[in-house]
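[1] My questions concern the predicted model and sequence given below.
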Amino acid sequence: MKVLVVGGGGREHALVWKIAQSPLVTTVFCAPGNPGTAGLATNLPIAVDEIDKLLGFAKKEGIDLTVVGPELPLSLGIVDLFQEYGLTVFGPSRAAARIEASKAFSKDLMKKYGIPTAAYDVFTEIDPALAFIRATGAPIVVKADGLAAGKGVVVARTEEEAEEAVREMLSGNAFGSAGSRVVIEEFLEGEEASFLAITDGKQVIPLASAQDHKAIFDNDQGPNTGGMGAYSPAPVVTPDVHAVAMAEVVQRAVDGMAAEGCPYRGILYAGLMVKDGRVKTLEFNARFGDPECQPLLMRMQSDIVPLLLAVAEGDLSGKEIQWHDQAAVCVVMAAEGYPGDYPKGDVITGIEAANAGEGTTVFHAGTAERDGAIVTNGGRVLGVTALGDTVAEAIQRAYRAVDLISWRGEQHRGDIGQKALNR
């Protein structure tokens, strides 16, 4: 069968890497792809938001399954469009993707269906928002309502910092239309975990546990990013936490979306805050997390394609997922200046040597090819991912590979997976 993967980041390289291993698959295309996917698939010069062009290609080429990686095409309705033309596509509908595309929609859904989350309110005007901040006090969290590439969240340590974030979003156009409405919510203490599940709109199968590292610097310091690394399994997700996350978070969300008339099919990602065994929901994402996708797919023993097809066709009955016992760690190597402005075009060396490491795969994210060399072309450039018999061994292998790769101004965190070791 022919498969089209939509996207060009580290998550999509991991998806192409896993899908290409399936005996069911003869050909993989990736739009737009990157130099990493080019070795496994045919890259297409079509951007993720050019959904009409993607449709045209899928029809012309006779694509059997389209797998949508990023949130933007989902929010634009690519799944609805493909289904309208009878094409098999993996991902939630436009209405269902609002669970990520609108934080206000998501919080209202949690409130209505009893999903544990932080107290919050929604604002479109500055003065009421500032009054809410002053009444609540700091620390407090300010979120742009719409899609902001994982960066539209400000964890404000002071009221002044929160007020500045509100002004920047509502009048300073910091996130464009994504920030024309803000969600302000109570600050939750604890340890974050990423809980992903695959669902056909009724049945839910959990993926292995994982933990992301969102802040740019070690010890969770500095501004939030799209994710600076991840590992799986995550010890913070104990059997009790897992049971609560399944019953009170993911299943309630899936049942709630069905009750709202927009059944959710695809990967549902719940960002959790865990403290003393209690679980609260930070957010939902409508797709595989990036970088969580990379270690999860390296640990997945099962063929992913039958799962993707079953969801696209609306019936997961009888399906299950087998996992390798090994742990996996992904360290993101980023450009100088990220998550702010960053340069592009710096030549990267050492990728081949790093890829040769035992149990190691270097997933391309923000890269391009120029004059035969691989160069930087984004904020998060590479996701160096390694398997190990323990988290400690996976960390050691991943960082050994990171040390082999270099370019001008490269930055990465040195503590990915440390929380697992601390436990």
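    Structure received. Numbering: from 1, shown residues only.

[2] Let me see the domain layout of the protein.
    2-91, 125-180, 191-312, 327-422 (automatic domain parsing).

[3] could those domains be laid out in JSON lines, adding distance to residue 113?
    (Each C-beta comes from the backbone N, C-alpha and C, glycine too.) JSON lines is the format used below for these (distance: least, C-beta to C-beta, whole Å):
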{"stretch": "domain 2-91", "distance to residue 113": "21"}
{"stretch": "domain 125-180", "distance to residue 113": "19"}
{"stretch": "domain 191-312", "distance to residue 113": "4"}
{"stretch": "domain 327-422", "distance to residue 113": "30"}
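
[4] Quickly, which of those domains bottoms out on average pLDDT?
    Mean pLDDT per stretch puts domain 125-180 lowest among the domains of the chain, at a mean of 83.

[5] start to end distance for that one?
    End-to-end distance of domain 125-180: 9 Å, with C-alpha to C-alpha, to the nearest Å as the criterion.

[6] At which residues are the strands of the stretch 201-350 of the chain located?
    Remark: strands assigned in the stretch 201-350 of the chain by DSSP state E, counting those that start in this stretch are 204-206, 211-212, 215-217, 221-224, 229-232, 266-275, 278-285, 327-334.

[7] So what touches the shortest one?
    Which is strand 211-212. Where contact means C-beta atoms under 8 Å, 6 or more residues apart in numbering, the residues beyond strand 211-212 that reach it are 191-194, 227, 229-232, 234, 236, 271, 289, 291-292, 419-420.

[8] picking that back up, would you tell me which of the domains of the chain gets closest to residue 111?
    Of all the domains of the chain, domain 191-312 sits nearest to residue 111, with 10.2 Å by C-beta to C-beta.

[9] what about residue 21, neighbour count?
    Residues within reach of residue 21, counting by other C-beta atoms under 10 Å, total 14.

[10] quick one: contacts for it?
    Applying C-beta under 8 Å, 6+ apart, we find residue 21 in contact with residue 303.

[11] gap between it and residue 400?
    Shown here: residue 21 relative to residue 400, a distance of 24 Å by C-beta to C-beta, to the nearest Å.

[12] Of the domains of the chain, which is nearest residue 103?
    Comparing these by their distance to residue 103 (C-beta to C-beta), the top pick is domain 125-180, with 5.0 Å.

[13] tell me the contacts of residue 272?
    Counting by C-beta under 8 Å, 6+ apart, residue 272 touches 192-195, 237, 241, 245, 249, 279-282.

[14] Most neighbours among those, which one is it?
    residue 195 (29 neighbours).

[15] That one looks like it's in a strand, true?
    Yes - under DSSP: H, G, I helix; E, B strand; the rest coil, residue 195 falls within a strand.

[16] Name the residues linked to it by a beta bridge.
    residue 270 (DSSP bridges).

[17] hang on, it packs against residue 249?
    Yes - here residue 195 reaches residue 249: they are 6.9 Å apart, a contact under C-beta atoms under 8 Å.

[18] So for those two, which residues contact both of them?
    Taking C-beta under 8 Å, 6+ apart as the contact rule, residue 195 and residue 249 both touch 270, 272.

[19] And the helices in the stretch 51-200 of the chain?
    Counting by DSSP state H, counting those that start in this stretch, the stretch 51-200 of the chain has helices at residues 51-61, 71-75, 78-84, 98-101, 103-112, 126-136, 159-170.

[20] Which of the ones you listed sits closest to residue 360?
    Proximity to residue 360 (C-beta to C-beta) singles out helix 71-75 among the helices of the stretch 51-200 of the chain, at 28.2 Å.

[21] how about the CA coordinates for that closest one, as CSV?
    Output in CSV follows, covering the C-alpha atoms of helix 71-75 (Å, rounded to 0.1, in the frame of the first residue of the first chain):
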residue,chain,number,x,y,z
GLU,A,71,-1.9,20.3,14.3
LEU,A,72,-2.2,23.1,11.6
PRO,A,73,-3.6,20.9,8.8
LEU,A,74,-5.9,19.2,11.3
SER,A,75,-7.3,22.6,12.4
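
[22] and it, how far out from the chain's middle?
    12 Å (C-alpha atoms, centre = their mean, to the nearest Å).

[23] And it, what does it pack against?
    For helix 71-75, the packing partners by 3 or more C-beta pairs under 8 Å, 6 or more residues apart in numbering; DSSP states H and E come out as helix 98-101.

[24] show me what contacts the residue minimising distance to the centre of the chain?
    Nearest to the mean C-alpha position of the chain, counting by C-alpha atoms, centre = their mean, stands residue 289 at 1.9 Å. Residues in contact with residue 289 (C-beta under 8 Å, 6+ apart) are 11, 194, 196, 210, 212, 227, 230, 269.
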